[in-house]
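Trainee: show me how the following folds:
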Amino acid sequence: MLRQRVITALAMAGLFLAGIFFLPLAALAAAFALVVAAGAWEWAPLAGLRGAALQALYALLVLAGCAGAWFLLPLGEAPRRADVQPVLGLACLWWCFALLWVRAFPGSAMIWNSRPVRMAMGLLVLVPAWVAAVYLLTLPLGGALMVVLVLLVAASDIGAYFTGKRFGRHHLAPAVSPAKTWEGFWGGVACSIAVASLLWTSLPARLDHLGLAAVVAVALATALTSVLGDLTVSMVKRESGVKDSSSLLPGHGGLLDRLDSLCGAAPTFTLGLLLAGY
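Mentor: Residues are numbered from 1 along each chain as shown. Below is the predicted model of the structure:
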């Protein structure tokens, strides 16, 4: 299984890097929107929308949200920070509510278990993450920043896996994800901070106004919300009685199972950069 996971991850990484470095913004935004729509297709059954027709309609709803953001912000025409920052702030506020629901699960299910609320949750998970990713690409060195975001999330995930496997004793959220431990969580956070600190030493001169303290703070917040994204989707899957969102990716489950951490991290990372003065 580990070998299969590694092969699939390398293939996804190759496609991601090729898109980042060779596609123009509009094409890359469209590609990301298709990925988000595929995630919406997988979220639909978790929201109680079963059957290809309902799944397709929900995917189209998410695509409509992305299209609306593209034209209203507007992301394709040098978007203004003042327009995008409130959207990112509201996305981070949503993740604060998600944290409360994860901590209170299974009791919190009585609040969010209805079909309309779960549909809204999917929109809040997927669309702001797309907005954050596309806006990130419009910033100076946006492609490199997007790679940094993925590296921080990957470092958190990998660090948590190996630290938890070796030292894990205390469960992080046993009702949601019994395998996750506090030791693994902090190991993942430490790995993200270490990666961010190493990358900071190689920043180009025009970005040296980002101090190490700001870089560590952004990395910390990114790692925290990446775990929260994973736990939130896991919570909905557990309430729905499924382990993986699909079997699309060998060794990984569904696409949503790979997007969940990024969906939590992307708005936080992008907003953190803006607040740090990027």
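Trainee: buried set for the helix or strand hosting residue 152?
Mentor: Per DSSP states H and E, residue 152 falls inside helix 142-167. Neighbour-count burial for helix 142-167, counted by 16 or more other Cβ atoms under 10 Å, picks out 142-150, 152-161, 163-164. From N, CA and C alone the C-beta is placed, and that goes for glycine too.
Trainee: list the buried ones in stretch 84-95?
Mentor: Neighbour count says stretch 84-95 has 84, 87, 88, 91, 92, 94, 95 buried, by 16+ other Cβ under 10 Å.
Trainee: got it, and stretch 209-224?
Mentor: Those would be 214, 215, 216, 217, 218, 219, 220, 221, 222, 223, 224, for stretch 209-224 by 16+ other Cβ under 10 Å.
Trainee: show me where the stretch 51-200 of the chain has helices.
Mentor: Counting by DSSP state H, counting those that start in this stretch, the stretch 51-200 of the chain has helices at residues 52-72, 81-104, 109-112, 115-138, 142-167, 182-200.
Trainee: now do the contacts for the nearest residue to residue 218 once chain neighbours are set aside.
Mentor: Nearest non-adjacent residue to residue 218, counting by Cβ to Cβ, 6 or more residues apart in numbering: residue 272, 3.8 Å away. By Cβ atoms under 8 Å, 6 or more residues apart in numbering, the contact set of residue 272 is 217, 218, 221, 222.
Trainee: how about low-confidence regions in the stretch 101-250 of the chain?
Mentor: Within the stretch 101-250 of the chain, the stretches with pLDDT under 70 are 203-208, 246-250.
Trainee: what does stretch 71-79 rub up against?
Mentor: Against stretch 71-79 from outside (Cβ under 8 Å, 6+ apart): 25, 26, 29, 69, 70, 83, 84, 87, 131, 134, 135, 138.
Trainee: first vs last residue of it, how far apart are they?
Mentor: By Cα to Cα, to the nearest Å, the extent of stretch 71-79 from end to end equals 10 Å.
Trainee: buried set for it?
Mentor: So stretch 71-79, judged by 16+ other Cβ under 10 Å, has buried residues 73, 75, 79.
Trainee: now that stretch: average pLDDT?
Mentor: Average pLDDT, stretch 71-79: 91.
Trainee: circling back to that earlier point, can I get the buried residues of stretch 84-95 in a markdown table including distance to residue 126 and pLDDT?
Mentor: Output for these, formatted as a markdown table (distance: Cβ to Cβ, whole Å; pLDDT from 0 to 100):
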| residue | distance to residue 126 | pLDDT |
| --- | --- | --- |
| 84 | 17 | 96 |
| 87 | 14 | 96 |
| 88 | 15 | 97 |
| 91 | 11 | 97 |
| 92 | 15 | 96 |
| 94 | 11 | 96 |
| 95 | 13 | 97 |
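Trainee: gap between the two ends of stretch 69-77?
Mentor: 12 Å.
Trainee: just give the closest residue to residue 158, not the sequence neighbours.
Mentor: Closest to residue 158 by Cβ to Cβ, 6+ apart is residue 191, at 6.7 Å.
Trainee: in the protein, where's the longest strand?
Mentor: strand 177-181 (DSSP state E).
Trainee: closest to residue 168 among the contacts of residue 272?
Mentor: Closest to residue 168 out of the contacts of residue 272 is residue 222 (21.9 Å), distances taken as Cβ to Cβ.
Trainee: how close does that closest one get to residue 261?
Mentor: 10 Å (Cβ to Cβ, to the nearest Å).
Trainee: and for the two, which residues touch both?
Mentor: In contact with both residue 222 and residue 261: 153, 156, using Cβ under 8 Å, 6+ apart.
Trainee: shouldn't residue 242 be in contact with residue 46?
Mentor: Yes: contact criterion Cβ atoms under 8 Å: residue 242 and residue 46 qualify, at 7.3 Å.
Trainee: now do stretch 48-55: distance from first to last residue.
Mentor: 10 Å.
Trainee: residue 240 reaches residue 44, doesn't it?
Mentor: No: contact criterion Cβ under 8 Å: residue 240 and residue 44 do not qualify, at 11.0 Å.
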